[in-house]
Structures are given as structure tokens and as C-alpha cells.
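**Student:** Sequence first, then the predicted structure:
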Amino acid sequence: MEEMKTRLTSDLAQAASLDELEKIRVAYLGKKGSITNLSRSVDFGKLSPEERKDFGRRFNEIKLWAEEALAQASARLQAAGASQAAGAVDLTLPGARRSLGSLHPITLVQMELEQIFQGMSFIIGTGFHVEREYYNFDALNIPGDHPAREMQDTFWLTNGMLMRTHTSANQVRMLEKHGAPLRAIFPGRCFRYENVDASHENTFYQLEGLMVDKGISIAHLIGVMKALLDQVFHQDVKVRLRPGYFPFVEPGFELDCQCLICGGDGCKTCKHSGWIELLPCGMVHPRVLKFGGVDPMRYSGFAFGLGLTRLAMMKYGIPEIRLMNSGDVRFLSQFPAAV
Ligand code: DAH
């Protein structure tokens, strides 16, 4: 009973409205309230007449006490309401707690990657969401009849421009602007005409990277990618390359990393292969360099397109892509306010 008193006292102190007060009354004194229930929790048959009397006395006492405490709380709230209505300020009321915002998981991963690449002397670019067909496709050696150009993949605008389908659209812009040698990353939002489900979104984030210099080889590509993954996952990550086709790189690869969940033994996450497909990349196609005004006879380079949304999901164990654009505060508030 004493414990009940303590609890009720603290509940009442926190009640901020008459509605809340009524809920508290029901919780304690209602038909199934915890004070009401006290009398049901006792097996009277087992008590001596003395003990029975004692219980009855104390039970009535706490009930009366509770009713009185509720009445007082109600008076307090009504008075506060009345004085507020009259424009007064009750300085004894607890202050409104200011809630701190948090960073979106994609922002967190992006900031972390930017730091890692800045440590390797890469500059950071942005590009445009609304892009010219030329930069999104032609300048990337994606010919007019390539399947990626079909309507189901691309949001076309009525003025002939499009919503960029990948951050690769910024490759030739970066080459035009900065020339060679170049080390750059350009993270950003991409758009595809997709049906949304647990793992597909029409709006998602990629982080593209480009390194062009004299004598850049696949060894540089692997070295930089491995340095990146080791730092993101804070461990020595094993990687492998498989051939992959992308019109703007030659040769093109899919870079896999050994499954971080099972360490390569095989599990559900890696579909029992021990490897996770993480990062498409390749050596920049000479035609792309040429489109960017860089002489492919003197320079070579590598490029990669990291799925930021996917990486954030892996890193934080987020099972459902739709949460990312939901704006749901219950989801967002689980992430820290700084890296
Ligand atoms: N842009 C490609 C996509 O969105 C990904 C990609 C592949 C980017 C290979 C690259 C690359 O830079 O070298 O599917």
C-alpha cells in the first residue's frame, strides 16, 4: 500500500491535464484499478479476524487518501488553467523540454565517408538533381538505345531534361570543371521510376567517386576501396572483384566484401554465399575521359558508385528502405545528433 501511495503521488505530480488525471483515477480507483484490486489479491479465508479488520482499515485509509489526492490535483490543474486563461504564467510549472534533432542515417554515413575521402585528398562535389540527358547518358557512353533509357527507369521532365538516375551524371561535369589530375567524390540524391517496396525506392542516395591521374590502375582502385571499407566498418574487410558491365567503365567490376555478419561462413544476409555485393566500379572508359576533355592517352582513372542508402541500411541494420524517406520521428530519433 505504501508503494502504491508513492507511485500515485508521482503520477499525480506529472499529470498535466484533467484528461490525464481521469486516466490516473481509472488506473487506481476504477473497477480494475490497482487500489481496487488490492482487496481481490487477499485470501480473506487465511486471515485471522484481527488481520481482516486491520486490512479493511488500511484499505479504506488508502482509498480515502487517494480520493483526496486526486481532488487536490484536480483543483491544482483547474487553478492553473484558470490563471493561464487570465494570461498569468505559473512559474512553478516544469519547463517544456526542448527536444534535440538527430541526423538522418544517410547523412551520418555520408559525413563519415566524406571525412574518410578528405583524408585521402579527395574534393567533394554535388551536381544537379535535374540533369541534362547528355550528362546522365550520352557523355557516359550510354547509347540512345540502351535499356537504362527506357521510360520505366527514368523520370523525364516535359522540357526534355530528366531527374538524374545516378550520381555518375556528375562525372563528366567534374572532369570538365577540374580537369586532370582529379580526386573527387560526389554524393547525392538519385531518382528512378520504380515501384516502392521493402528494398526499392524511387528516391535514394549514392556516393560517386572518381580518381584520374597518370598511371592509375586497378591496383589503385582496389587499394582505395579497401581503405574505405576498412574505415567504415572498423575492421580488416576482405574484398573481391567480379566482372560487371557498365557502359562508362572498361573493365567494369562488382566489388564484393566478405560478409561482415558471418565472416564468410554463409548466413541469411549474404544468402549463404559468404560475400555481399557492395560497390560497382571500374576503370573510366576512354570515351568518358574524352567527353570530359581529358586525354585518355595521358591519363587513366577509376570510378565507383556506392549505394549510400544500402550502406546505411547495412551499417545500422535497417530492414526496410521505406523508413528512410518516411520522416517518421520514432525512426529518426534513434540516430545520434552528430557523427
Ligand atoms: N551508376 C551506376 C548505377 O547507378 C553505378 C556505377 C557503376 C557507378 C560503375 C560507377 C561505376 O562509377 O564505375 O547503377
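**Tutor:** Structure received.

**Student:** OK, now which residue of the stretch 101-250 of the chain is nearest to the ligand?
**Tutor:** Across the stretch 101-250 of the chain, the shortest distance to the ligand (Cβ to the nearest ligand atom) belongs to His166, at 3.4 Å. Using the backbone N, CA and C atoms, a C-beta is placed for each residue, glycine as well.

**Student:** Could you measure from the nearest residue to Asn136 once chain neighbours are set aside over to Leu162?
**Tutor:** Closest residue in space to Asn136, ignoring its immediate chain neighbours: Ala169 at 4.2 Å, by Cβ to Cβ, 6 or more residues apart in numbering. Going from Ala169 to Leu162 by Cβ to Cβ, to the nearest Å gives 9 Å.

**Student:** neighbour count winner among the two?
**Tutor:** Remark: of Ala169 and Leu162, Ala169 carries more neighbours, 27 against 22, as counted by other Cβ atoms under 10 Å.

**Student:** Buried ones in stretch 306-321, by neighbour count?
**Tutor:** Within stretch 306-321, the residues that count as buried by 16 or more other Cβ atoms under 10 Å are 306-314, 318, 321.

**Student:** Which residues does the closest residue to the residue of the stretch 101-250 of the chain closest to the ligand other than its chain neighbours form beta bridges with?
**Tutor:** Counting by Cβ to Cβ, 6+ apart, His166 lies nearest to Cys190, which is 5.4 Å off, once chain neighbours are set aside. Judged by DSSP bridges, the bridge partners of Cys190 are Phe204.

**Student:** quick revisit: assign the residue nearest to Asn136 to helix, strand or coil.
**Tutor:** helix (DSSP: H, G, I helix; E, B strand; the rest coil).

**Student:** Put together TSV for the buried residues of stretch 306-321, with pLDDT, distance to Ser10 and secondary structure on each row.
**Tutor:** TSV is the format used below for the buried residues of stretch 306-321 (pLDDT from 0 to 100; distance: Cβ to Cβ, whole Å; DSSP: H, G, I helix; E, B strand; the rest coil):
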residue	pLDDT	distance to Ser10	secondary structure
Leu306	94	50	strand
Gly307	90	49	strand
Leu308	91	45	helix
Thr309	89	44	helix
Arg310	81	46	helix
Leu311	87	44	helix
Ala312	87	40	helix
Met313	85	40	helix
Met314	81	43	helix
Ile318	85	36	coil
Ile321	86	42	helix
